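Colleague: Could you look at this predicted model? Sequence included:
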Amino acid sequence: MLKEVIAVLTERQLLILEAVIRNYTESGQPIGSKTLQQQLPVHVSSATIRNEMAVLEQQGYIAKEHSSSGRIPSLKGYRYYVDNIVQPVKLDNTALHSIRNSLGTEFQKVDEIVATSAKILSDLTSYTAISFKPEAKDICLEGFRMVELGNQQVMVILVTSDGTVESQTFTIPAGISGNELEAVIRLINDKVVGLPLNQVIVRLNECLPLLTRYLHQPEGFIDVFGNVLHQAVKEQVYVGGKMNLLDFSKDASLEQIKSLYSLVDQSNGIGNLLNASQQSEISIKLGDELPGIFLQNYSLISASFDDGNNGRGTIAILGPTNMPYSKMLGLISGFRDELTQRITDYYQKF
């Protein structure tokens, strides 16, 4: 399919398509042949440009808003542009300096870095930005505590080597004494503290006979422990600039606006959105390639990043289909590199 499309478009048609998209992303207005005649790097008549635009329209790459208007890009035109024509613009020094300053803070845990990255990216683009924390793979359990809350309630607290602190309340069986709880704490610290998180539950199950001395139903305790561990290692999503989505929804109904905002206000919705993107270094999804009819006028640019230690995370921007793709691709690529380096530096401290 791609080879057939490339064979159909001439060099002049490519120049016209690129100019239509560039102008439309800058002005938001339909583009006429006279404007293109002044901008094209080759000298052609206005009539020739109109003929070429008619061919591009017939092939579905551009369209008219009404019978007497200039042309605007279609989703097919945008798709061809981002796949074959666009050239990312290198991140400028001002933006690079801003990113490095914002990521230069002394963060207490990696979640703070990832959350901050969503805010920075949103501020730089004026779009909605999304960041996913890399799934932890080699993080170790650094500390374990149980705090008595009264009425047979205790709080299980885990501290991991990347600075993450997770907790959950657990109901202990009646008759368990403070001394028995202390014995459980010593046992856990002796057997599992210092182990990689993916080995902790395995070791605890091996310790069931010992735990049974102090807890009548240790399986329940291990389940709680597992829940806390899962919370510590699971991917976490952060969103910056949620309200920016509404800047590009002028033709949307109230119900569509509610659906749009709900999408970025729930982790599941964001997860489904990013799952729709390709598993590649940088992915662009346009309009009807995204889930939900309320995203027809939006585009999602996502990039994966690898911290070199704990897996792959994702950063993304969700904005209007007529965004300046050259600038946004260069920005998200440079931002991904800076974020990767910042997280790598963070983990090297542990």
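Modeller: Structure's in. What do you need?
Colleague: Can you show me the strands along this protein?
Modeller: 62-64, 71-73, 128-132, 141-150, 153-160, 165-171, 237-240, 282-286, 298-306, 312-320 (DSSP state E).
Colleague: Direction included, what does the fifth one pair up with?
Modeller: According to DSSP bridges, strand 153-160 forms sheet pairs with strand 141-150 (antiparallel), strand 165-171 (antiparallel).
Colleague: weakest of the ones you listed by average pLDDT?
Modeller: Ranked by mean pLDDT, the strands paired with strand 153-160 bottom out at strand 165-171, with a mean of 79.
Colleague: starting at the chain centroid, how far to that one?
Modeller: 28 Å (Cα atoms, centre = their mean, to the nearest Å).
Colleague: Can you list the buried residues in it?
Modeller: Glu166, Phe170 (16 or more other Cβ atoms under 10 Å). Quick note: C-beta positions are derived from backbone N, CA and C, even for glycine.
Colleague: related to what we said a few turns ago, please tabulate the strands paired with strand 153-160 in CSV, including the columns distance to Ala54.
Modeller: Output for the strands paired with strand 153-160, formatted as CSV (distance: least, Cβ to Cβ, whole Å):
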stretch, distance to Ala54
strand 141-150, 67
strand 165-171, 62
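Colleague: So for His66, which of these sits nearest?
Modeller: strand 165-171 (57.2 Å; Cβ to Cβ).
Colleague: Only C-alpha atoms, please: export stretch 119-139 in PDB.
Modeller: The C-alpha trace of stretch 119-139 is given here as PDB (Å, rounded to 0.1, in the frame of the first residue of the first chain):
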ATOM      1  CA  LYS A 119       4.100  18.700  34.000                       C
ATOM      2  CA  ILE A 120       7.300  19.900  32.200                       C
ATOM      3  CA  LEU A 121       6.100  18.400  28.900                       C
ATOM      4  CA  SER A 122       2.700  19.900  29.200                       C
ATOM      5  CA  ASP A 123       4.200  23.400  30.000                       C
ATOM      6  CA  LEU A 124       6.500  23.100  27.000                       C
ATOM      7  CA  THR A 125       3.800  22.100  24.500                       C
ATOM      8  CA  SER A 126       0.500  23.600  26.000                       C
ATOM      9  CA  TYR A 127      -1.000  20.100  25.300                       C
ATOM     10  CA  THR A 128      -1.900  17.300  27.700                       C
ATOM     11  CA  ALA A 129       1.100  15.300  28.600                       C
ATOM     12  CA  ILE A 130       1.200  11.700  30.000                       C
ATOM     13  CA  SER A 131       4.000   9.800  31.600                       C
ATOM     14  CA  PHE A 132       4.200   6.100  32.700                       C
ATOM     15  CA  LYS A 133       6.700   5.100  35.300                       C
ATOM     16  CA  PRO A 134       8.900   2.100  34.200                       C
ATOM     17  CA  GLU A 135       8.000  -1.100  35.700                       C
ATOM     18  CA  ALA A 136      10.500  -2.000  38.500                       C
ATOM     19  CA  LYS A 137      12.400  -5.200  37.900                       C
ATOM     20  CA  ASP A 138      15.600  -5.000  39.900                       C
ATOM     21  CA  ILE A 139      14.400  -3.000  42.800                       C
END
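Colleague: Would you mark the buried spots in that stretch?
Modeller: Buried residues in stretch 119-139, counting neighbours by 16+ other Cβ under 10 Å, are found at 119-122, 124-125, 127-134, 136, 139.
Colleague: quick one: which of the residues you listed is nearest to Leu246?
Modeller: Among those, Thr128 lies closest to Leu246 (Cβ to Cβ), at 9.6 Å.
Colleague: what about that closest one, distance to Leu263?
Modeller: Thr128 is 10 Å from Leu263, where distance means Cβ to Cβ, to the nearest Å.
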